[in-house]
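[1] Any chance you can model this:
(one chain, ligands or ions: 1)
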Amino acid sequence: MLYISTRGDKTERRFCEILLEGLAPDGGLYLPVVYPKVDSTTLARWRGLSYAELAFEILSLYIDDIPAADLKALVHKTYTPAVFGSEAIVPLRALGDSGLQIEALSNGPTLAFKDMAMQLLGNLFEYELARRGEQLNILGATSGDTGSAAEYAMRGKRGVRVFMLSPHGRMSPFQQAQMFSLQDENIHNIAVEGVFDDAQDIVKAVSNDLAFKRQHKIGTVNSINWARLLAQVVYYFAGYFQATKQDSEQVSFAVPSGNFGNVCAGHVARMMGLPIKQLVVATNENDVLDEFFRTGTYRVRGSADTYETSSPSMDISKASNFERFIFDLLGHDAGAAERTRTLFREGSFTLSAAEKARFAEFGFVSGKSTHADRVATIRATWQQHHDMIDPHTADGVKVAAEHVEAGVPMIVLETALPAKFAETIREALGREPSRPAALADIELLPKRFSVMKPDVAAVKSLIEQHCA
Ligand SMILES: *Cc1c(COP(=O)(O)O)cnc(C)c1O
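    Reported below is the predicted structural model:
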């Protein structure tokens, strides 16, 4: 399988070449030249597989530069009941007779769905770096979820160090405990005296110093990474097999969305031929994507128009994976690349009526949820089904309910566990969220982190010190 850029760069690359890269050199995102098609015979064969076996089958269609035995070993090492809490890895549960089912993607080490992809990425990075005899220093800024998922994926991995900046004192006690309690030598937590943007600015400044970046092998693990997206395709198939009895049935998925990475994986699964009826994009008050699917206008927001909400992992002003869908919508060819390049150079854009008319063909619909909706949905779900959901999943449930169709199971992706968002759970239910037993006293564990002024030179010198 070869990969191309959504902006038309003619160089075709193989999987391991793009594994450690972010954007394509022309600023586009990588996609496979074609989506491999899965027919009903293949679906029938995959139905009985374990999660790891299914992951191997799907990944093999996209990865031909890792020997099959090695790839198999990597996925079996990644998707274990010990790491993800159950044999099913992503078990499905019904919300009474509402027609909605919840697919649990958040039983990994950091209690959010990002573990599903990041855990695989950690193993792939370690494998590929060893093969090349190279090292990688991952530098990132986080306000919570992504940083911890990256650290738990990379901890103890040979050839990889993580330098993660976070705003000092601004993460929840639970999030701080999650990240700062890691004692692994290759994990470096840097609490920056400032807000998230200060941390983000430092990462940008270091990455823009190309000489430093090259010399110190600086990389990232952001959500545009194709390997992350590919790993997420697997749980759409796994959810489908659990919700259906035979391969002529259709299901719909509702996805709490921010950077459009998760739902883009659903789009890829659908392009491969998985019988998905609707892909329901759920946003919070930051409704860039809902506005787009309703109107055909993609209007990127400034930071002043990006709200801090109670589903914080969906607080985005522009959806970094969205370009992949636009490229497909426009035809996935050279002409599409040219138009994609023009549209995303402008930043905000409006599609033509003919282009917008094609949304239905791709199954996309959307909706939006507010803080009041979240609280009401968490409360109603608890009262009616005795099921406690987190605020992001609540956005998904709220919007999913608006699109349920008789006879078509609607699967809502559970993107985090309530334990991570105690404040909103208290507001909705007047009680503390339940927490996995292993994490009961996580706040009491010793913490390992350094506090720093928002100073680019200081961060660089810390990296140099550890690379020496
Ligand atoms: C990252 C995240 C999302 C948004 O996912 P995207 O792939 O960015 O659309 C939703 N919910 C939670 C809990 C997350 O951590």
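[2] What is the three-state secondary structure of the residue lying closest to D201 once chain neighbours are set aside?
    Leaving aside its sequence neighbours, D201 sits nearest to P454 (C-beta to C-beta, 6 or more residues apart in numbering; 7.4 Å). C-beta coordinates here come from the backbone N, C-alpha and C atoms, glycine included. Recorded secondary structure, P454: coil (DSSP: H, G, I helix; E, B strand; the rest coil).
[3] Distance check, V365 against E193.
    V365 is 44 Å from E193, where distance means C-beta to C-beta, to the nearest Å.
[4] higher neighbour count, the two?
    A direct count of neighbours by other C-beta atoms under 10 Å for V365 and E193 places V365 higher, at 19 against 14.
[5] Surely the more buried one touches F293?
    Yes: using C-beta atoms under 8 Å, V365 is in contact with F293, at 6.6 Å.
[6] Next, show the common contact partners of those two.
    Listed contacts common to V365 and F293 are V281; contacts here mean C-beta atoms under 8 Å, 6 or more residues apart in numbering.
[7] Other residues contacting the helix or strand where Q465 lies?
    Using DSSP states H and E, Q465 sits within helix 456-467. Applying C-beta under 8 Å, 6+ apart, the external contacts of helix 456-467 come out as 135, 137, 139, 161, 163, 165, 188, 190, 202, 205-206, 209, 212, 216, 218, 450, 452.
[8] Which positions within it qualify as buried?
    Residues of helix 456-467 classed as buried by neighbour count (16 or more other C-beta atoms under 10 Å): 456, 459-460, 463.
[9] go on, stretch 22-34?
    23-24, 28-32.
[10] and the end-to-end length of it?
    20 Å (C-alpha to C-alpha, to the nearest Å).
[11] and if you look at stretch 414-429?
    Counting by C-alpha to C-alpha, you get 19 Å between the two ends of stretch 414-429.
[12] for that stretch, which positions count as buried?
    By 16+ other C-beta under 10 Å, the buried positions in stretch 414-429 come out as 414-422, 424-425, 427-429.
[13] Return only those of those found close to the ligand.
    Near the ligand, judged by C-beta under 6 Å from any ligand atom, the entries from these are 415-416.
[14] would you list the buried residues of stretch 414-429 in CSV and tack on distance to S257, secondary structure and pLDDT?
    Formatted as CSV, the buried residues of stretch 414-429 follow (distance: C-beta to C-beta, whole Å; DSSP: H, G, I helix; E, B strand; the rest coil; pLDDT from 0 to 100):
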residue, distance to S257, secondary structure, pLDDT
E414, 14, strand, 98
T415, 9, coil, 97
A416, 13, strand, 96
L417, 18, coil, 96
P418, 19, helix, 96
A419, 22, helix, 93
K420, 18, helix, 91
F421, 17, helix, 92
A422, 23, helix, 92
T424, 18, helix, 96
I425, 21, helix, 97
E427, 23, helix, 98
A428, 21, helix, 98
L429, 25, helix, 98
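[15] Return the closest of the buried residues of stretch 414-429 with respect to A282.
    Nearest to A282 among the buried residues of stretch 414-429: T415, at 9.9 Å, using C-beta to C-beta.
[16] what sits against the closest one?
    By C-beta under 8 Å, 6+ apart, the contact list for T415 reads 105-106, 112-113, 256, 262, 313, 390, 392-393, 396.
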